[in-house]
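J.: need the 3D shape of this:
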Amino acid sequence: MRFTIAIDGPAAAGKGTISKGVSAHFGFAHLDTGLLYRAVGRRTLDGEAAEAAALDLKPEDLERDDLRTAHVAQAASKVAVIPEVRAALVDFQRNFARRDGGAVLDGRDIGTVICPEAEVKLYVTATPEVRAERRYLELAGKGSDVSREQVLADVKERDARDMERAQAPLIPAKDANLVDTSELSIDDALAAAIAIVQSRLPQNG
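T.: Numbering: from 1, shown residues only. Presented below is the predicted three-dimensional model:
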């Protein structure tokens, strides 16, 4: 069976957690497409040109343990506005999406650009303040020396860059199902997403 679930949304909205939960529930493969851009961003911080890094991206690049830092997140957002980088990574994502057995992809342009024909599209969001608080607690828990004010500023800056870029801006697909996690627990948000997917599976007509 080929069944694609496209999950988009801004940083720290919960789309990664929901994507992993949905893929586990249905037994589908999962790809965090943001890791592709983080891996490219990481390599640019190491001195490589962004396009060259994207063309040469290897599976082991996605397994580095330093891809989840705020520094790399900013680098990822910067390389993601480069058309040549996006083009280099499109085929990888589309091939993953149509693999047998079902696939869940989360990112920022999955439902609009990468997989516009996906059987299910979700747009997971939350207010900037809620997302910044989540990210602050995550970073502080890892020992990062950050302030709530700085994290909120970073979230808003990244939102602006993602939503205002000329190519593949972050916007909900017209037929996406909105999941606002601002006031939902992880369990409730995941349950809402699973219910949407369940209703679209072939056995449900």
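
J.: pretty sure residue 43 is touching residue 53, no?
T.: Yes. Look at residue 43 against residue 53 with C-beta atoms under 8 Å: they come within range, at 3.9 Å. Yep, even glycine has a C-beta here, placed from its N, CA and C like the rest.

J.: quick one, strands of the protein?
T.: Shown for the chain, the strands assigned by DSSP state E span residues 4-8, 29-32, 103-107, 120-125, 177-180.

J.: okay if I get the ones you listed as JSON lines plus distance to residue 171?
T.: Shown next, in JSON lines, are these (distance: least, C-beta to C-beta, whole Å):
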{"stretch": "strand 4-8", "distance to residue 171": "8"}
{"stretch": "strand 29-32", "distance to residue 171": "20"}
{"stretch": "strand 103-107", "distance to residue 171": "13"}
{"stretch": "strand 120-125", "distance to residue 171": "9"}
{"stretch": "strand 177-180", "distance to residue 171": "12"}
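
J.: dump these into JSON lines; add mean neighbour count, distance to residue 155 and mean pLDDT as well.
T.: Converted to JSON lines, these look like this (neighbours: other C-beta atoms under 10 Å; distance: least, C-beta to C-beta, whole Å; pLDDT from 0 to 100):
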{"stretch": "strand 4-8", "mean neighbour count": "28", "distance to residue 155": "16", "mean pLDDT": "98"}
{"stretch": "strand 29-32", "mean neighbour count": "18", "distance to residue 155": "18", "mean pLDDT": "94"}
{"stretch": "strand 103-107", "mean neighbour count": "27", "distance to residue 155": "17", "mean pLDDT": "96"}
{"stretch": "strand 120-125", "mean neighbour count": "24", "distance to residue 155": "12", "mean pLDDT": "98"}
{"stretch": "strand 177-180", "mean neighbour count": "18", "distance to residue 155": "16", "mean pLDDT": "98"}
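
J.: what count of nearby residues applies to residue 64?
T.: For residue 64, the neighbour count with other C-beta atoms under 10 Å is 14.

J.: please read the previous query as pertaining to residue 80.
T.: Residue 80 has 28 neighbouring residues, counting by other C-beta under 10 Å.

J.: do residue 58 as well
T.: Under the criterion other C-beta under 10 Å, the count of neighbours that residue 58 has is 8.

J.: do residue 12 as well
T.: 23.
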